[in-house]
Every structure is written in structure tokens, then in C-alpha cells.
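Novice: Kindly return the folded structure for what I paste below:
(2 chains)
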There are 2 protein chains.
Amino acid sequence: MTRPGWIAADWGSTHLRVWAMDGASVLDRAESEDGMGRLARDGFEPALLALVGGWLAGPTMPVVACGMVGARQGWIEAPYRAVPAFPLGAPVRVPGSDPRLAVHIVPGLEQKRPADVMRGEETQIAGFLTMNPGWDGVLCLPGTHSKWAEVSAGEVISFRTFMTGELFALLAQRSVLRHSIAPEGWDEPAFLDALAESMSRPEQLAARLFSLRAEDLLNQQPASVARARLSGFLIGAELAAARPYWLGRQLAVIGATATARPYAAALAAQGVPATLADPQRMTLAGLTAAWRTLKEPR
Amino acid sequence: MTRPGWIAADWGSTHLRVWAMDGASVLDRAESEDGMGRLARDGFEPALLALVGGWLAGPTMPVVACGMVGARQGWIEAPYRAVPAFPLGAPVRVPGSDPRLAVHIVPGLEQKRPADVMRGEETQIAGFLTMNPGWDGVLCLPGTHSKWAEVSAGEVISFRTFMTGELFALLAQRSVLRHSIAPEGWDEPAFLDALAESMSRPEQLAARLFSLRAEDLLNQQPASVARARLSGFLIGAELAAARPYWLGRQLAVIGATATARPYAAALAAQGVPATLADPQRMTLAGLTAAWRTLKEPR
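Specialist: Residues are numbered from 1 along each chain as shown, chains lettered A, B, ... in the order given. Predicted structure coming up:
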């Protein structure tokens, strides 16, 4: 392999993903489960070296990382930047001990009111804007903590986080509903029905959830239907709350297929078309943009 | 001790509570963590005997039990009765092997549309009506799965379950919010503020939850404030969804003090006075009423 010019790292709570880069081209990739959540402060450098050690022959290697690695409990804190702001701020240099590495962490974004934070998604947003120059509108980034971000003239104007993915996982796996919800499987009409119910009366969410258990006990509702309905209830509640973000706006969804597809279907049911974008590609494009700033005088 | 005439049992998912009774008077009590959730079918009789064995000298002892012991995964299934219905149905005799015991289980209630079920609360409702003859109105039974039940002319007309207590526990202990929420502590003004926010725009629930994390990271919101606000958000969403139940109705809350107090405060903030009733007393009164039916010809 050509010797990489730099290394890109997507370092979240549960995973570390690295790419050996030559400019904007990927030469190699690797990943581990050494997410920020399981590392003490002195565990980050060894976790990184375990994946990239083989790429390091030669002069000091620039590494550009984004995600929870920059949280207060991360390697070093890369302080949040307040919106409105361009999504990418100057990466923060990590005072590392290994002379082969020059690690930089992209800072996250914060919003004062309503209080909100993001780490990692700002890099995806930057990547999306790099690939779609001049794009104005709203970006939806579904996931454990879904984000909706309003973007104008290259800046993130405002954003809002919804705990939809985490609520789905807790309810499906840890609540009484786990007895009634399939770990896999889907029923699209059931999803769209539940979505419509939830969007028309979102305040009924807390009452609807238990109905998934009761429909199983009383009417033998299939567990795959319950799974789709739970998703419909939660995404419907999110869309109802996020209405000011998507109503009448140009919209793109950045998310892995399995996560983004129900959002796109839900938005389509509201008559709102959404562009889909791959989150990994957006992250790489954003990290590449951040890497380019390292080489420019600031 | 006088030899008991019968034994009352409140047998839920996580606990078994028994009382040695002389008519409506309690002679003795005992409890264990042998809830339905940890027992296989052949484990119920030994779990009961472990607590009541010492009360059994003499002829066959009637036992009247309510709760999840009568679920499909319980000792035997005591089938649901459909509302509208008097809260107490004929207890179902358990074909037991120990000649010293004659165990009966109070059936739960079901509602076809919206699909809903209860087991145990019907006995509390029966007890409340025994102690308040002729009472019409709405009973709120807050807890892991809060119930709201409309009662008229001695019958349960309709009811609805909210997963408020379970959502609180999952979010406070198992979600990302656990880093920001105190295991104990309270802030009443914060609770009432969050309640009012949640009731005025209940569809924003999914967005409000993550703000508890962000307010900690950005503004060092105290963890006891976050705890009270989470409760306010969830109870506010429940009250917003349950509005048809409590608006302009005579209301009583059956719940342990720590659970019922925030509900009473929340209802008071809406200008709705609520009578408070102790759930254990209501359960005992309901089981006593069920025991009396055993002695009458049916």
C-alpha cells in the first residue's frame, strides 16, 4: 500500500473506525470496539495504535478524529463551539506521547437555548456541505440520538436532539414490551399506520406504548407488527415535535440505510421528499475537510 | 396469635406480600421477593408455603390472591374479564397439591379498544369502592404502569395504562441521562415548571428528554433538578394524554406516598383536587371483599 498521508478516525461511544488516507482517497481501513465509553484517559493512544500502528513508518502522521473522543470523558476535551457556526472548527491538538502521531480532534457544537449538544454529527454536516456546496435546508441525522440541523449559508443555525433510537432500544429490549416485540422483522403498513396515529395525536405516546403489550395479550398481535408499530410511534412523535424543521424545507437524511429508510418513508408519507446520504461517506468528507485546514495557516 | 380465618396475598411481578386475616382484621403479615417474575409454575406453592406455613395448623386455609400470579406465566391463568364490569370477578380456584391450602386468584380486567389490561389494580379499585360506597369518578393508580380508570355505578367503565414509571426508571438508570440524573433528591419548582412545559406542548417530549443531558453539560444543571424535571416531563405527558379522564371529574389517587405525591401536586397545579388513598389498604379491602364472595353461594 502507498504510505498514507494522514489518518481519519470516527471515534464514538462504542466504536473506533480508522481510515488510512491519501488526500481524499481511502487506502485502507480498520475498526475496533474501543469506543470512548470503555476507555480511561490513558487508554486512547494504545487503542489507536492497536489499529494504525502498521501504517506509521516514516515521519509524524497527522490523525484527524471526530466524535465522543473529544468529550469531557474522552481523550482530551475539544470544547463545543456555539451555533450559529460553520460546522467545522479548528481541530484541537492532543498532547500525545508517541512521536509518530499528531492527533487532532474536531470540536462539537453547542446551542444555548434550547440547550443542546452534538459531537460527530458536525463532521457529517461539514462533509455533506463539502459535497453539496451552497446547499441550504435541514439535515436529519437519525440514530441513537437523532439530530435535526438547520443549515444556511454554510452555517449550522440551530439544531435539536431526539432520543428516539435510545428509547426504541430501551423499550424493545429492556421494558415489559420486550415480551411482545420481535428482535427482527418489519411490517410496513403497520409502521405507516402507527406513524400516522402518532403524528396526529403525538401527546398520546405514553398511552400508546403499553397498547403494544395489550394487543399481544388480547389479540395475539405479531411481534414483527409490534416492532414496526413501536418504531412508528416513536418516529411519529419525533416528526411531530420536529415539524418546524421539516415543514416546507429542503431536506436531506444522513443515515445508514436501515436507520434512514423509516425516516424517509415517514417523511414521504407527509409529502416531503428527502435526499439520502451515507453517514460514513459524509464523515470521511468532513474529516478530509478538517485535515485540509491543518495544512493552511490559521 | 388467634388462628387466622383466611390469608390475603398481593402477588405481583417482583414481590409476594401476605397477611394472616381474621375477617377484615390483620393478625400478622410477611413478604418476600418471590414475585411471579422469578417463579416457574411449580415454584408458586413452595414460595407461598415459605411465608404462610406457620399459619396453617388446622383445617384447610382459604387464600385469596391478586396480581400477576394470575397471568398466563403465573401459577394458573385467571382469565381477564372485559369492561364494563364490576371490578371483582369470581376468584379462580387453583388446583393445588397441598391439602392445607385452598388458593383462589382474583381475575384481571381487559378492554378491547383501545386494547388494555390490568391485574391487581382491579382489586385496589374494588377495595376503594367498598370503602367509598356509591363513589363515581376517576381513579388514578400511579406506578410502573400507571392506570386511569373511569368508575360509575360500581363498575369500571374504561381504563388506560401509561408506562410512565417504567420510562422514568429506564431513562434515569439505563439511558445516557443516567450521567445527569440523581438517584435521589427533588426540586419541587423544577418539577412544576417541567410539568407545565410538558402539558402545554406534550408533543415535544422526545426533544425535551435530551435537554436534561445538555443542560448538565452546558449549564451544570444539578442532578436533583434533572430528576425532578424528568418526572415533570413524563407526568406532564401522561396528564396531557389522560386529560379526558381527569378534566371536570371527581378524582382519587391510589398510590404510595412517594409515587402519589407528584401526581397530586401536578393535578393541584391544574386546579384539580384529588383524594389520596393508600394502595395497601385498598388491596386488603379488595381481597377481603373477594374472600367474602367465596363464602356466598354463586
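
Novice: what's near enough to touch A:A223?
Specialist: A:S180, A:I181, A:A182, A:G185, A:D216 (C-beta atoms under 8 Å, 6 or more residues apart in numbering or on different chains). For every residue, glycine as well, the C-beta is placed using N, CA and C.

Novice: tally of neighbours for the fourth one?
Specialist: This means A:G185. Using other C-beta atoms under 10 Å in any protein chain shown, the number of residues around A:G185 comes to 13.

Novice: With A:V92 instead?
Specialist: 17.

Novice: next one: A:G35
Specialist: A:G35 has 18 neighbours, counted by other C-beta under 10 Å.

Novice: ok, now A:A242?
Specialist: Close neighbours of A:A242, defined as other C-beta under 10 Å, add up to 22.

Novice: Quick one, grab the pLDDT at it.
Specialist: Note on A:A242: pLDDT of 95.

Novice: what residue ranges in chain A score low on pLDDT?
Specialist: A:296-298 (pLDDT under 70).

Novice: Give the next helix or strand downstream of the longest helix belonging to it.
Specialist: If you go by DSSP state H, chain A has its longest helix at helix A:223-241. Sequence order places helix A:243-246 as the next helix or strand after helix A:223-241, per DSSP states H and E.

Novice: Just the helices from the stretch 101-250 of chain A, written as ranges.
Specialist: A:121-131, A:164-174, A:188-200, A:205-219, A:223-241, A:243-246 (DSSP state H, counting those that start in this stretch).

Novice: what about the last one, near chain B?
Specialist: What it means is helix A:243-246. No: Helix A:243-246 does not reach chain B (C-beta under 8 Å from any C-beta of the partner chain); its nearest approach is 8.6 Å.

Novice: tell me how far that helix is from the chain's mean position?
Specialist: When distances are taken as C-alpha atoms, centre = their mean, to the nearest Å, helix A:243-246 is centred 19 Å away from the chain's centroid.

Novice: can you check the third one too?
Specialist: In terms of C-alpha atoms, centre = their mean, the centre of helix A:188-200 is set 24 Å apart from its chain centre.

Novice: List the buried residues in it.
Specialist: Across helix A:188-200, burial judged by 16 or more other C-beta atoms under 10 Å in any protein chain shown covers A:A190, A:F191, A:L192, A:A194, A:L195, A:E197, A:S198, A:M199.

Novice: what do you get for the longest one?
Specialist: For helix A:223-241, the neighbour count (16+ other C-beta under 10 Å) marks A:223-241 as buried.

Novice: cool, the fourth one as well?
Specialist: Residues A:205-218 are the ones in helix A:205-219 that count as buried (16+ other C-beta under 10 Å).

Novice: Distance of the nearest residue to A:S175 once chain neighbours are set aside relative to B:I254?
Specialist: Sequence neighbours aside, B:E166 is the residue nearest to A:S175 in space, at 5.5 Å (criterion: C-beta to C-beta, 6 or more residues apart in numbering or on different chains). Per C-beta to C-beta, to the nearest Å, B:E166 is found 18 Å from B:I254.

Novice: More neighbours: which of these two?
Specialist: In terms of neighbours (other C-beta under 10 Å), B:I254 is the more surrounded of B:E166 and B:I254; the figures are 27 against 21.

Novice: pretty sure the more buried one contacts B:A264?
Specialist: No: look at B:I254 against B:A264 with C-beta atoms under 8 Å: they stay out of range, at 11.3 Å.

Novice: Please enumerate the shared neighbours of those two.
Specialist: By the contact definition C-beta under 8 Å, 6+ apart, B:I254 and B:A264 are jointly contacted by B:L276.

Novice: Can you list the strands that the strand or helix carrying A:A65 pairs with?
Specialist: Assigned by DSSP H and E, A:A65 belongs to strand A:61-66. Strand pairing for strand A:61-66, determined by DSSP bridges: strand A:6-11 (parallel), strand A:101-105 (parallel).

Novice: for that strand, the distance to its chain's centre please.
Specialist: 19 Å.

Novice: Quick check: beta-bridge partners of the residue found closest to A:S32 once you drop the neighbours it is linked to in the chain?
Specialist: Computed as C-beta to C-beta, 6+ apart, the closest residue to A:S32 that is not its neighbour in sequence is A:L16, at 5.2 Å. Under the criterion DSSP bridges, A:L16 forms beta bridges with A:W11, A:S32.

Novice: Verify the contact between A:L16 and A:R38 for me.
Specialist: No: using C-beta under 8 Å, A:L16 makes no contact with A:R38, being 10.1 Å away.

Novice: When those two are compared, which one has more neighbours?
Specialist: Between A:L16 and A:R38, counted using other C-beta under 10 Å, A:L16 has the larger neighbour count: 25 against 11.

Novice: burial measure for the closest residue to chain B within the stretch 1-150 of chain A, as a count.
Specialist: As assessed by C-beta to the nearest C-beta, chain B sits closest to A:A115 within the stretch 1-150 of chain A, at 3.9 Å. Neighbourhood size, A:A115 [other C-beta under 10 Å]: 19.

Novice: Let me see the contact set for the closest residue to it other than its chain neighbours.
Specialist: Sequence neighbours aside, B:A214 is the residue nearest to A:A115 in space, at 3.9 Å (criterion: C-beta to C-beta, 6+ apart). The contact partners of B:A214, taken as C-beta under 8 Å, 6+ apart, are A:E110, A:Q111, A:P114, A:A115, A:D116, A:V117, A:T161.

Novice: Distance to B:W291 added to those, as CSV?
Specialist: As requested, the contacts of B:A214 are exported to CSV (distance: C-beta to C-beta, whole Å):
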residue, distance to B:W291
A:E110, 61
A:Q111, 60
A:P114, 54
A:A115, 55
A:D116, 56
A:V117, 57
A:T161, 53
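
Novice: Now intersect those with the strands, please.
Specialist: Of the contacts of B:A214, the ones assigned to strands by DSSP state E are A:E110, A:Q111, A:D116, A:V117, A:T161.

Novice: still on that earlier bit, and the buried residues of helix A:188-200 as TSV, adding distance to A:T283?
Specialist: Output for those, formatted as TSV (distance: C-beta to C-beta, whole Å):
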residue	distance to A:T283
A:A190	33
A:F191	28
A:L192	30
A:A194	31
A:L195	28
A:E197	35
A:S198	30
A:M199	30
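
Novice: Spell out which parts of the stretch 1-150 of chain A neighbour chain B.
Specialist: So the stretch 1-150 of chain A meets chain B at A:R72, A:Y80, A:E110, A:Q111, A:K112, A:P114, A:A115, A:D116, A:V117, A:H145 (C-beta under 8 Å from any C-beta).

Novice: In PyMOL, select just the buried ones from those residues.
Specialist: Those of the residues of the stretch 1-150 of chain A next to chain B that count as buried under 16+ other C-beta under 10 Å are selected in PyMOL with:
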select buried, chain A and resi 80+110+111+114+115+116+117+145
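
Novice: ok, which pair from the residues of the stretch 1-150 of chain A next to chain B is furthest apart?
Specialist: For the residues of the stretch 1-150 of chain A next to chain B, the maximum inter-member distance is 20.4 Å, found between A:R72 and A:P114 (C-beta to C-beta).

Novice: Spit out the contact partners of the residue of chain A positioned farthest from its centre.
Specialist: Using C-alpha atoms, centre = their mean, the residue of chain A lying farthest from its centre is A:L218. It sits 38.0 Å away. Counting by C-beta under 8 Å, 6+ apart, A:L218 makes contact with B:Y80, B:E110, B:K112, B:A115, B:V117.

Novice: Any idea what the residue lying closest to the third one once chain neighbours are set aside is bridged to?
Specialist: Residue nearest to B:K112 in three dimensions, not counting chain neighbours: B:A82, with 6.5 Å by C-beta to C-beta, 6+ apart. Note on B:A82: beta-bridge partners B:E110, judged by DSSP bridges.
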